[in-house]
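Quick one: sequence plus predicted model below, questions after.
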Amino acid sequence: MSDSENLTTLRLLGGELCLDFANGLKADLGDHRSGYLANYADLVRWARHAGALSEEGAGRLLLEAEGRPREAAASFERAVSLRETVYRVFSAIARGVNPDPSDLDLLSRAHVGTLERHHIRETEDGDFGWVRVEGTDDLEEPLWAVVLSATSLLTSGPLDRVKACPLEEGGCGWLFRDASKNKSRRWCAIGDCGTRVNMRRLYARKRADQTDGGREERSRPED
């Protein structure tokens, strides 16, 4: 689903911006690398939907991309590559294994590049945070908040709450941060994958019961 309407209604279930960005890829990183993002304009619209860009910033980047189509296409390819990297890193963590060092190096380089375009400033709510350097018209901007989210989660955690919707049980493989009190969340959303899996299990049990009942009926001796 790559049109604007679907992107602006897409449910964000990851609990962290970087996990929402990674979600939508096929779990095996197969043929459809871009998932629900088809081009640079989709990337900008997703970033606006996810809160990584302001409406003004998104409009500015869309206009900028129209005048720089080759650079926009290259930025989109880098976004897809980053997305795969983020997925590999956090899906490994969700499985309890160490991420590939080469993926960590890719994230490190992306982090350094992002910080070059930011400085620490006081925010509107009185806290301090990374703020974009004024005057930087960079087509990579939709990725900056994603990179900062990924490196913050990776270095500060809580990594024990990063999970993946279980493919082996019929889930989708999407990543999420489990915010439940006892870390018991198993599905990306109980109303989506959880409900579908439970319905399939219920249907399978009913079929099994019907089959067993039929066998009992057939095996009953005649009077």
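Great, that's in hand. Numbers count the residues shown, from 1 in each chain.

what's the burial count for the nearest residue to Arg68 once chain neighbours are set aside?
The spatially closest residue to Arg68, leaving aside those adjacent along the chain, is Leu139, at 6.8 Å (Cβ to Cβ, 6 or more residues apart in numbering). To be clear about C-beta, it is placed using only N, CA and C from the backbone, and glycine gets the same treatment. For Leu139, the neighbour count with other Cβ atoms under 10 Å is 21.

Same question for Gly129.
Residues near Gly129, counting by other Cβ under 10 Å: 11.

In three-state terms, label it for me.
Classification of Gly129 using DSSP: H, G, I helix; E, B strand; the rest coil returns strand.

Would you agree it is in contact with Ala145?
No: if you go by Cβ atoms under 8 Å, Gly129 and Ala145 don't touch, sitting 10.6 Å apart.

who's in contact with the residue nearest to Arg68?
Counting by Cβ atoms under 8 Å, 6 or more residues apart in numbering, Leu139 makes contact with 40, 61, 64-65, 68, 71-72, 75.

Please apply the same query to Ala52.
17, 142, 144-146.

again, only using 7 Å
Going by Cβ atoms under 7 Å, 6 or more residues apart in numbering, Ala52 touches 17, 142, 145-146.

out of those residues, who's nearest Leu10?
Leu17 (13.3 Å; Cβ to Cβ).

Please name the nearest non-neighbouring residue to that closest one.
Closest residue to Leu17 apart from its sequence neighbours, by Cβ to Cβ, 6+ apart: Ser149 at 4.0 Å.

starting at the chain centroid, how far to stretch 71-86?
Computed by Cα atoms, centre = their mean, to the nearest Å, the chain-centroid distance of stretch 71-86 equals 14 Å.

domains in this protein, as residue ranges please.
4-177, 189-223 (automatic domain parsing).

neighbours of Gly170, just the number please.
Neighbour tally, Gly170, other Cβ under 10 Å: 15.

Please, where are all the helices along the chain?
Ranges of helices in the chain, per DSSP state H, are 4-9, 17-22, 40-50, 55-67, 69-95, 101-115, 141-156, 195-219.
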